[in-house]
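S.K.: I would like the atomic coordinates for the input below:
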Amino acid sequence: MRRLRLRTLLAVLVLVTTLPVAAFAGWLISRWSAQQQALIERQNIEQARAILVAVDKEVESTIASLNVLAAIDEIDAPDKADFIRIATRILELHPGWHSVRLIDNSLELVASTSTAQGGSPLLDPAWARQIIQTGRPAVSRVVQDPVTDQWTISIGVPVHPASRSPSVLGAKVYARMFNDVLQRQKTPLDGVVTLLDSTPRIVARTRNQDKYVGQPPSHDFVEQANQAAEGSWRTVLLEGTPAYSAWSRSQVTGLTIGIGLPAAPVDEPLWRSFLALVTAGTAVCGIGLVLALFLGRRLVATQTAAAAAARSLAQGQALPAFDSRIAEAHDLAEGLRDAAGILERRLRERDEAQAEADRHRAARLEQETTARRAAEALNRAKDEFIATVSHELRTPLNVIFGWVAILRSRSLDEAKRAHALEIIERNTKAQVRLIEDLLDMSRAIQGSVRLALESVDIAAVLEAAIDSLRPTAEARRITITADAPQGQAFAHADPVRLQQVLWNVLSNALKFTPQGGRVTAEVTVDHAEAVVRISDSGEGISPEFLPYVFDRFRQEDAEVTRTHPGLGLGLSLVRHITELHGGTITATSEGKGKGATFTIRLPLRQAAPASDQLRIS
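M.R.: Purely as a prediction, here's the structure:
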């Protein structure tokens, strides 16, 4: 047993008395720091709002000018010479404008101050389409003009001429105009103010404008800004400088203002306070240790005499006389009489330790019980799967054996013989599919599935899968439709395995859709991903089973006599093959009787190389 000297205890006492004071001071500094940071965040948000108001006013001023121009009768005239003349005069009043354009409802350029030709030179037609659909002004994303290499934003208003369909009157504005707006605002010292479009991409910036305009902000900013219309957090600027940042997004234009305030001017006072605290605490501890060593000499002498008296008492000898100015030393004899109390306390501590050990044993027993239940559930799942396999393999065999026996009797005419052979062939194919699913799942578990990757048009693969299942859908009077324009979504994939994925999902939708139901499929592009959505109007999936829909050997209806056949492996194989392609698959359903939707996402390949040939089995 290691024993401590009295001097050591005194030193510990000094530390115990001084460290809590230092900890309390540190807590006060941390509280002050938190309050300062909260104040800075509030100020940043308020300043972002104020700058956003100035930007919105600039946009509203442009919209007001466009509304005045839209009210002129020359817009509806067949000859646009007068319109271009008037628009050119208005353009001279706005040095920040690039051009004024009139666009019809088919997104074709009708007239422009920068070109007299028609066509569709719109680099971002989404804003014009939005104006035509909503009848409200809109702002485009920032784009680079291919002629001038200048970054621009288009602001447009709806026009309702008397003789034609609604059209769009837009002003193509230089992005540097907004940079001038930001420069005129009262920005934080050494801070950065950034204006972003709805994409989001940088439209204007008070620092390194030429370098970052048109570029996306940091990934951290995108994640934070997607959560709320405004807020603040600690981040790193694009220049690599740690900063306190805030953002505010306009509900009218969709533009976002971001403010970054360098963290160093805020953090330096905090570090200075912390260093001062550490220095003061070290000095106090040093002085206390010196005093402890000085007082320890006298205490050690008294303690040595008391120990000699205790040994004498234990040996039944007379207590040696010792004198001390410390009153507690005289109470040592009474302390010996308290030994019984110490023993009782130790027994109580032993009982508490025993109770704690019992609690640990109970917790371990509970863990073992939980593990045993999980193992039993796995065994039940395996037993149910074996029973399902037996039933699914035996059912087509019974049909085949029955019709073979009938054929051997030679009592059927030619039409019934053809019908019998068709039934035998259909059940044989069902048997083959079951065995192939078992083999594929075995390969998936062993990790031996191999992919022959090439550039694949996902829409073409989807059409092939639908064509192979269309007879089944027509036989059950189920409508199956697809919205999958070819040539828009290519993936680097194995066409055979990809068709297997889509076929399994479509087959699963048909299996759980009643007669007269509907199955729809569509292929879209979402950023860098190709998205395939397959929806049905069938039975749907219960919320309790939805998290396990892709698990192996799991079926919502696990009874052998269930309504729908199958081994419960198809969707598990679909998820495995999809993940091998670097994609994901998810399932959603509002509940039983409300249908289900399966969404497959695959990494998008921008274009199909000329040498790639699509192979579909």
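
S.K.: Let me see the contact set for Val193.
M.R.: Ile51, Leu182, Gln185, Thr187, Arg205, Thr206, Ile257, Gly258, Ile259, Gly260 (C-beta atoms under 8 Å, 6 or more residues apart in numbering). (Glycine included, C-beta is placed from N, CA and C.)

S.K.: now the helix or strand harbouring it, how far from the centre of its chain.
M.R.: Per DSSP states H and E: Val193 is located in strand 192-196. Put simply, strand 192-196 sits 25 Å off its chain's centre (C-alpha atoms, centre = their mean, to the nearest Å).

S.K.: Give the next helix or strand downstream of that strand.
M.R.: Taking DSSP H and E, what comes next after strand 192-196 is strand 202-205.

S.K.: elements contacting that next one?
M.R.: Here strand 202-205 touches helix 175-184, strand 192-196, going by 3 or more C-beta pairs under 8 Å, 6 or more residues apart in numbering; DSSP states H and E.

S.K.: Check what contacts it and list those residues.
M.R.: 142, 151, 153, 175-176, 178-179, 181-182, 192-197, 212-217, 255.

S.K.: who's in contact with Ala587?
M.R.: Counting by C-beta under 8 Å, 6+ apart, Ala587 has contacts Ile541, Leu546, Val549, Phe550, Leu571, Ala596, Thr597, Phe598, Thr599.

S.K.: Okay, and the beta partners of it?
M.R.: Phe598 (DSSP bridges).

S.K.: what's the pLDDT at it?
M.R.: As predicted, Ala587 sits at a pLDDT of 92.

S.K.: Please report the distance of Glu230 from Glu41.
M.R.: 11 Å (C-beta to C-beta, to the nearest Å).

S.K.: Just say helix, strand or coil for the residue nearest the centre of the chain.
M.R.: Nearest to the mean C-alpha position of the chain, by C-alpha atoms, centre = their mean, lies Glu223 at 8.3 Å. Of the three states, Glu223 takes helix under DSSP: H, G, I helix; E, B strand; the rest coil.

S.K.: What segments of the stretch 51-200 of the chain are strands?
M.R.: 97-103, 109-112, 138-139, 143-144, 151-159, 167-174, 192-196 (DSSP state E, counting those that start in this stretch).

S.K.: Which among these is found nearest to Ala491?
M.R.: Nearest to Ala491 among the strands of the stretch 51-200 of the chain is strand 143-144; the distance by C-beta to C-beta comes to 27.4 Å.

S.K.: Ala375 is in what secondary structure piece?
M.R.: Counting by DSSP H and E, Ala375 is part of helix 339-408.

S.K.: Buried ones among the contacts of Ala587?
M.R.: Ile541, Leu546, Val549, Phe550, Leu571, Ala596, Thr597, Phe598 (16 or more other C-beta atoms under 10 Å).

S.K.: In whichever strand or helix holds the fifth one, which residues are buried?
M.R.: Under the criterion DSSP H and E, the helix or strand holding Leu571 is helix 570-580. For helix 570-580, the neighbour count (16+ other C-beta under 10 Å) marks Gly570, Leu571, Ser572, Leu573, Val574, Arg575, His576, Ile577, Thr578, Leu580 as buried.

S.K.: that older thread, quick one: closest of the strands of the stretch 51-200 of the chain to Leu28.
M.R.: Judging the strands of the stretch 51-200 of the chain by C-beta to C-beta, what sits closest to Leu28 is strand 192-196, at 32.2 Å.

S.K.: got the angle between the closest one and strand 151-159?
M.R.: 50 degrees (axes from the mean of the first three to the mean of the last three C-alpha atoms, to 10 degrees).

S.K.: tell me which element Ser273 falls in.
M.R.: Short version, using DSSP H and E: Ser273 is in helix 264-314.

S.K.: Report the rounded mean pLDDT for that helix.
M.R.: Helix 264-314 comes out at a mean pLDDT of 71.

S.K.: Likewise for stretch 365-385?
M.R.: Stretch 365-385 comes out at a mean pLDDT of 76.

S.K.: For the closest residue to His98 other than its chain neighbours, give the beta-bridge partners.
M.R.: Of all residues not flanking His98 in the chain, Lys172 sits nearest, at 4.2 Å (C-beta to C-beta, 6 or more residues apart in numbering). Using DSSP bridges, the bridge partners assigned to Lys172 are Ser99, Ser154.

S.K.: Tell me the pLDDT of Lys172.
M.R.: Value listed for Lys172 in the pLDDT field: 92.

S.K.: Could you report the neighbour count for it?
M.R.: By other C-beta atoms under 10 Å, the residues close to Lys172 number 24.

S.K.: Any figure for the gap between it and Thr113?
M.R.: 9 Å.

S.K.: what do these two both touch?
M.R.: Ser99, Val100, Arg101.

S.K.: For the last one, which non-adjacent residue is spatially closest?
M.R.: Same thing as Arg101. Nearest one to Arg101, counting by C-beta to C-beta, 6+ apart, is Ser112 at 4.3 Å.

S.K.: Perfect, that will be all.
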